[in-house]
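Asks: Next comes the sequence, and after it the predicted model I'd like to discuss.
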Amino acid sequence: MEDNGDDVCYSTVCIKNGKPPEKREEEDMTIYSEVKTKKTAPAEPISMTMIKQQAEISDLSTKNQQLTVERKTMENQTEELSRERDELNRTFQSILTFDTFPVKDFCPDKKCQPCQKGWKIFQEKCYLFYDERSSWKTWRESRAYCQRKAADLVVIDDLQEQMFVSNHTKYYYDKYHGYWLGLRETDNNWMWVDGRDDTLGFWMKDDFGSSGPVVLLIPGRNPTQSWDKAQQDFKNKFICERQVLLKS
């Protein structure tokens, strides 16, 4: 009986040291596999990532373009406001040249114009071609008349202006009469009423009347040869000039 008991015990030991370990190994492998599967998430396809990045870049590009447009719009608005401010300041300074501003002449029907009624505009200047049939004036009287209008006798800056004034003058009374210009002789030098020396010299080539220290523009002549040196007590029509009130 004792021998049989030993055999059973040995057999039991064999069972414990043999197959059971194999079963634990199997269980361990299964548990490891299950844990590993739970921790690992499926990778996102590369193509989807690229699409998202491209969409984000496109969105940023659109926003950048919108900001650029908005900035440019603000810059344009600032420039426009600056121009309006400068124009208002210039208009205000122009108004101050009058002792009494002629509102009705500049602003008929409450809408202001660049020039007074009866004046002609050319290159941001206003011109009055005095065209009365009588009461012609000496050079000094003509200048005083212009100054009462917050203007002065015309100063010719270039050939274009000379052409303009020539085209708006006309023959009257006789060939010796013309339109006074703001040009006179000072210390043997021909000088405009604004203090500048004359550099144009559109003088007549032939002898014409009695020479003097002030200048007439004779109508109907070649514009580059139409200035006549005349006596300042000679009575003629004249041309006044001033800056525009408003830029057209």
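Replies: On my side now, so go ahead.
Asks: Am I right that residue 229 is in contact with residue 207?
Replies: No. The criterion here is C-beta atoms under 8 Å, and residue 229 misses it with residue 207 at 10.3 Å. Using the backbone N, CA and C atoms, a C-beta is placed for each residue, glycine as well.
Asks: More neighbours: which of the two?
Replies: Counted by other C-beta atoms under 10 Å, residue 229 and residue 207 do not tie: residue 229 has more neighbours, with 19 against 8.
Asks: Check the secondary structure at that one for me.
Replies: Of the three states, residue 229 takes strand under DSSP: H, G, I helix; E, B strand; the rest coil.
Asks: how near is residue 205 to residue 192?
Replies: Residue 205 sits 22 Å away from residue 192, taking C-beta to C-beta, to the nearest Å as the criterion.
Asks: nope, residue 112 is what I was after
Replies: Residue 112 is 29 Å from residue 192, by C-beta to C-beta.
Asks: So if I had to pick from the two, which one is more boxed in?
Replies: residue 192 (22 against 12).
Asks: is it true that the more buried one touches residue 155?
Replies: Yes. At 4.5 Å, residue 192 counts as touching residue 155 under the criterion of C-beta under 8 Å.
Asks: List the residues that are in contact with both of the two.
Replies: The contact sets of residue 192 and residue 155 overlap at 182, 183 (C-beta atoms under 8 Å, 6 or more residues apart in numbering).
Asks: Endpoints of stretch 111-121, how far apart?
Replies: Stretch 111-121 has an end-to-end distance of 17 Å (C-alpha to C-alpha, to the nearest Å).
Asks: Counting neighbours, which bits of it end up buried?
Replies: 113, 114, 115, 116, 119 (16 or more other C-beta atoms under 10 Å).
Asks: gap between it and the chain center?
Replies: 24 Å (C-alpha atoms, centre = their mean, to the nearest Å).
Asks: quick one: contacts of that stretch?
Replies: Contacts of stretch 111-121 (C-beta under 8 Å, 6+ apart): 102, 104-108, 124, 126-129, 149, 168, 244-248.
Asks: On the C-terminal side of the lengthiest helix in the chain, identify the next helix or strand.
Replies: In the chain, taking DSSP state H as the definition, the longest helix is helix 46-95. Remark: after helix 46-95, the chain's next helix or strand is helix 103-106, criterion DSSP states H and E.
Asks: From residue 193, how far off is the closest residue in space to residue 132 that isn't next to it in sequence?
Replies: Distances taken as C-beta to C-beta, 6 or more residues apart in numbering put residue 237 closest to residue 132, at 7.5 Å, once the chain neighbours are dropped. Residue 237 sits 17 Å away from residue 193, going by C-beta to C-beta.
Asks: Of the two, give the one with the bigger neighbour count.
Replies: residue 237 (24 against 17).
Asks: and the helix or strand containing that one, which strands flank it?
Replies: In the assignment (DSSP H and E), residue 237 maps to strand 237-243. Paired neighbours of strand 237-243 in the sheet (DSSP bridges): strand 125-129 (antiparallel), strand 152-153 (antiparallel), strand 179-186 (parallel).
Asks: mind checking how far the second one is from the chain centre?
Replies: This points to strand 152-153. Relative to the centre of its chain, strand 152-153 is centred 31 Å away, using C-alpha atoms, centre = their mean.
Asks: isn't residue 164 right up against residue 122?
Replies: Yes. Contact criterion C-beta under 8 Å: residue 164 and residue 122 qualify, at 4.9 Å.
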